[in-house]
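Visitor: take this sequence and fold it.
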Amino acid sequence: MIKLSKLSLASLCLLCLGTFSCTSEKVEISEKAPNVLFILVDDMGYADLGYSGSTFYETPNIDNLAKDSWQFTNGYSGSRVCSPARATIMTGQFTASHGITDWIGAKTGENWRTHKRHDPMLPADYVYQLPKESTTLAEAFKANGYNTFFAGKWHLGDEGSYPEDHGFDENIGGWEKGSPSGGFFAPYTNPKIKNGPDGENLTIRLANEVANFMDRSKDKPFLAFLSFYAVHAPVQTSKKKWAKYRDKAEAMGIADKGFEMGEKLPFRTVQDNPNYAGLVEYVDDAVGIVMDQLEKLGLAENTIVVFTSDNGGVVAGDAFATSNLFVKGGKGHHWEGGVRVPYLIKVPGTQPKAPVDYPVVGADFLPTLLDYLPEEVNISQEIEGRSLKPLIEGEALDQRPIFWHYPHYGNQGGVPSAMVRKGDWKLIRYFEDGHEELYRIPDDPFEEKELSEASPEIKASLSTLLTEYLNDKEVLMPRPDEAFDQSLFEERLDNMENELMPRLERQRLDFLDKNWQPNEDWWGSEVPE
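Guide: Residues are numbered from 1 along each chain as shown. As a prediction, this is how the structure comes out:
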């Protein structure tokens with residue numbers, strides 16, 4: 001692919017070559033141009049799927065998709081939280097470039113103190129909507145004759161920065177909210193989606209909307225973006241699915257403990273939440289709906305399918321929903337569990353022989369998909385991802401650096417930091433005190449063996465690389481909080497371990513009790529006849 005620099009449009013047109021050359025006119029393309037179905041799950045963990053190692057959650061439809069897809073075992077999101085990762089997918093840029101470094105709505109500066117978490121720094125500010133000057137994935141496809149459709153979670157700005165303002169012809173359900181207003185069962189309180197019958201499941205509804213769109217657009221190339229609100233909190237499912245997984249947890253043997261104390265919050269260590277398992281299964285059911293529709297319409301052999309998540313699974317904070325099993329931490333954290341995600345690309349006519357361990361990131365989706373377009377593309381921003389098409393076609397790719405910048409505290413216990421991964425190595429820089437840690441990820445996915453002293457040259461090289469990148473981007477940084485009180489910070493940690501963690505353990509066992517129910521109508525899923 002061609003990496004475009006931030007130059008004038010005239011200069012860009014001189015630099016653009018091949019797939020990424022410039023054009024200003026909308027072009028008509030062949031009906032044989034590949035369709036794209038992009039499936040984005042919210043907060044789905046690296047190990048939340050059968051194909052990736054879960055024995056508790058059941059995901060047969062996604063597992064079948066994985067069999068025919070390029071499975072990237074070192075697949076990363078663009079950020080440890082949602083809005084930045086979604087902006088990275090839409091723009092092909094890392095967070096330091098597009099400027100959305102935290103989830104939109106997160107508090108910054110002195111306002112952070114209102115959370116009473118007593119952290120030693122005040123989080124930096126960030127960009128609050130997807131930059132209008134950037135060419136999004138949808139705009140690139142639309143300019144090339146594609147019908148474009150969005151369904152589900154957006155969370156990239158409020159009115160004026162909705163999906164329809166960034167290249168999508170139709171938008172069902174996408175607005176500023178990051179969680180499903182009204183929950184996962186109709187009636188919803190979302191102005192961008194009409195209510196279905198009481199008790200309708202939102203995840204299934206979004207899949208049906210995409211299936212209907214594909215039927216209406218089957219005679220013209222399309223980009224369908226299915227962006228689930230699941231498996232984000234609130235964790236809700238039906239009584240039938242809860243009972244299925246409650247019984248399964250009992251049959252597998254219920255662990256005596258399900259949590260251990262992390263650096264700031266308790267971490268879930270087991271996958272046995274029947275409500276979350278049911279929520280995962282609804283996503284799998286929905287994936288089955290859209291994949292079956294492709295087959296029914298005769299489009300499967302001409303449709304590229306992407307499946308991924310916006311960040312790692314939630315092991316701490318929010319609903320304490322899952323465990324990432326094979327990597328440390330989860331959503332909001334700088335460890336692998338925060339950014340390692342499911343990462344599948346199904347390309348008709350290609351047959352992967354084995355999972356791929358080459359590190360890839362959300363910024364790679366845009367250049368990869370554009371590389372399959374038959375016509376030229378005009379991209380206005382610098383692209384930091386790279387096309388994976390050469391790799392899919394059997395070529396080796398050199399090891400490039402992947403950067404993350406998160407000058408914030410997370411609701412899940414994450415701290416302000418920046419990271420770079422290049423090849424097998426990952427460097428973490430902590431902004432609170434400036435210290436750095438070095439890990440060799442293939443050998444140490446739990447990031448337990450710090451290698452700064454053992455590999456000082458590698459550390460120095462990555463540290464310089466990270467410094468130069470952050471300086472070049474002129475990133476915003478957190479600042480020390482002059483009102484920080486160490487005693488209040490330690491008091492909160494004590495409460496998390498000695499009050500919250502026992503409460504979470506009791507709640508975990510409540511969910512697994514045969515007589516448990518959340519309310520009379522199971523979050524609205526059981527409608528009186």
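Visitor: which residues in the stretch 1-150 of the chain form strands?
Guide: Secondary structure of the stretch 1-150 of the chain (DSSP state E, counting those that start in this stretch): strands at 35-41, 70-71, 75-76, 121-122, 147-152.
Visitor: so which of those is nearest residue 246?
Guide: The closest of the strands of the stretch 1-150 of the chain to residue 246 is strand 35-41. By CB to CB, the value is 23.1 Å. Using the backbone N, CA and C atoms, a C-beta is placed for each residue, glycine as well.
Visitor: can you give me the buried ones in stretch 217-231?
Guide: For stretch 217-231, the neighbour count (16 or more other CB atoms under 10 Å) marks 217-218, 221-231 as buried.
Visitor: list just the nearest of those residues to residue 148.
Guide: For the buried residues of stretch 217-231, with residue 148 as the reference and CB to CB as the criterion, the closest is residue 223, at 4.8 Å.
Visitor: on that earlier part again, need the strands of the stretch 1-150 of the chain in CSV with mean pLDDT, distance to residue 502 and mean neighbour count, can you?
Guide: Shown next, in CSV, are those (pLDDT from 0 to 100; distance: least, CB to CB, whole Å; neighbours: other CB atoms under 10 Å):
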stretch, mean pLDDT, distance to residue 502, mean neighbour count
strand 35-41, 98, 31, 24
strand 70-71, 97, 39, 21
strand 75-76, 98, 34, 26
strand 121-122, 98, 30, 22
strand 147-152, 98, 36, 27
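Visitor: which helix or strand contains the closest residue to residue 293 other than its chain neighbours?
Guide: Nearest residue to residue 293, sequence neighbours excluded (CB to CB, 6 or more residues apart in numbering): residue 211, at 4.1 Å. According to DSSP states H and E, residue 211 maps onto helix 202-216.
Visitor: pull the residues that contact that helix.
Guide: Under the criterion CB atoms under 8 Å, 6 or more residues apart in numbering, residues 35, 37, 147, 149, 151-152, 170, 172-173, 180, 183-186, 188, 193, 196, 222, 224, 226-230, 279, 282-283, 285-287, 289-290, 293-294, 297, 299 lie in contact with helix 202-216.
Visitor: stretch 495-515 too?
Guide: 246, 249-250, 254, 257-259, 261, 264-266, 268, 272-275, 320, 516.
Visitor: just the CA trace of that stretch, in CSV.
Guide: Coordinates of each C-alpha in stretch 495-515 appear next as CSV, following Å, rounded to 0.1, in the frame of the first residue of the first chain:
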residue,chain,number,x,y,z
ASN,A,495,-12.3,-1.2,49.5
MET,A,496,-12.0,-2.8,46.0
GLU,A,497,-10.3,-5.9,47.5
ASN,A,498,-12.2,-6.3,50.8
GLU,A,499,-15.7,-5.0,49.9
LEU,A,500,-16.2,-5.1,46.1
MET,A,501,-14.5,-8.5,45.4
PRO,A,502,-16.5,-10.5,48.0
ARG,A,503,-19.7,-8.8,46.6
LEU,A,504,-18.8,-9.9,43.1
GLU,A,505,-18.2,-13.4,44.3
ARG,A,506,-21.6,-13.5,45.9
GLN,A,507,-23.2,-12.1,42.7
ARG,A,508,-21.4,-14.7,40.6
LEU,A,509,-22.9,-17.5,42.7
ASP,A,510,-26.3,-15.8,42.6
PHE,A,511,-26.3,-15.9,38.8
LEU,A,512,-25.6,-19.7,39.0
ASP,A,513,-28.5,-20.4,41.5
LYS,A,514,-31.3,-22.5,40.0
ASN,A,515,-33.9,-20.0,41.3
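Visitor: list the buried ones in stretch 507-519?
Guide: Quick answer for stretch 507-519 (16+ other CB under 10 Å): 508, 511-512, 518.
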